[in-house]
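Peer 1: From the sequence below, what's the structure:
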Amino acid sequence: MAYVPRKLFVNMAVKDLAKSKHFFSQLGFTFNPQFTDDNAACMVLSEESFVMLLTEPYFQGFTTKQLCDTSTHTEGLCGFSCTSREEVDTIVAAAVANGGAVAGEAQDHGFMYGRGFYDLDGHHWEVIWMNPAHVQG
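Peer 2: Numbers count the residues shown, from 1 in each chain. Model (predicted):
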């Protein structure tokens, strides 16, 4: 069976869409205007990965379950890669400077380095760098 790259769409509920868009813009992310309106914003991670930031009422329309209270519960860990250790630190610093919070201690395994942050809505993000030489074999 041939490998077919799949697009990934992670959907997250946010309290204030404008503030969330500003927050992630300050971390260097852009938004696809084709899939962005007053209820949702399509944040581009890569050509194949996107995060849909949905206002809480709009998000609630897609599920019969209650939304997670991210101040007391973790709904999941979202992670993305960076091109260097410095980029990891830069993104986490920008997250904290723009109202986010550090999530745990930095993890340094030599070949892999990572740090975490909580966004404005309490979603947990992990930001990692892996040494390409180690990944390639």
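
Peer 1: So what does Val88 have for phi and psi?
Peer 2: phi -60, psi -50 (degrees, to the nearest 10).

Peer 1: wouldn't it be in contact with Tyr113 here?
Peer 2: Yes - the pair Val88 / Tyr113 is scored as a contact, 6.0 Å apart, by C-beta atoms under 8 Å. (Each C-beta comes from the backbone N, C-alpha and C, glycine too.)

Peer 1: and for the two, which residues touch both?
Peer 2: Here Val88 and Tyr113 share the contacting residues 128-129, scored by C-beta atoms under 8 Å, 6 or more residues apart in numbering.

Peer 1: can you tell me how far Leu53 sits from Ala103?
Peer 2: 18 Å (C-beta to C-beta, to the nearest Å).

Peer 1: Settle it for me: which of those two has more neighbours?
Peer 2: A side-by-side neighbour count of Leu53 and Ala103, using other C-beta atoms under 10 Å, places Leu53 first with 26 against 20.

Peer 1: Quick check, the more buried one in contact with Val14.
Peer 2: Yes - using C-beta under 8 Å, Leu53 is in contact with Val14, at 4.9 Å.

Peer 1: Now the common contact residues for these two.
Peer 2: By C-beta under 8 Å, 6+ apart, the residues touching both Leu53 and Val14 are Ser20.

Peer 1: can you tell me how far Ala94 sits from Ala106?
Peer 2: For Ala94, the distance to Ala106 - C-beta to C-beta - is 16 Å.

Peer 1: for Thr74, same thing?
Peer 2: Counting by C-beta to C-beta, the gap from Thr74 to Ala106 is 19 Å.

Peer 1: same thing with Val10?
Peer 2: 24 Å.

Peer 1: What of Gly99?
Peer 2: For Gly99, the distance to Ala106 - C-beta to C-beta - is 20 Å.

Peer 1: same deal with Ala41?
Peer 2: Ala41 sits 29 Å away from Ala106, going by C-beta to C-beta.

Peer 1: sec struct for the residue lying closest to Glu75 once chain neighbours are set aside, please.
Peer 2: In space, and not counting its chain neighbours, Glu75 is closest to Cys68: 4.0 Å by C-beta to C-beta, 6 or more residues apart in numbering. The local conformation at Cys68, judged by DSSP: H, G, I helix; E, B strand; the rest coil, is coil.
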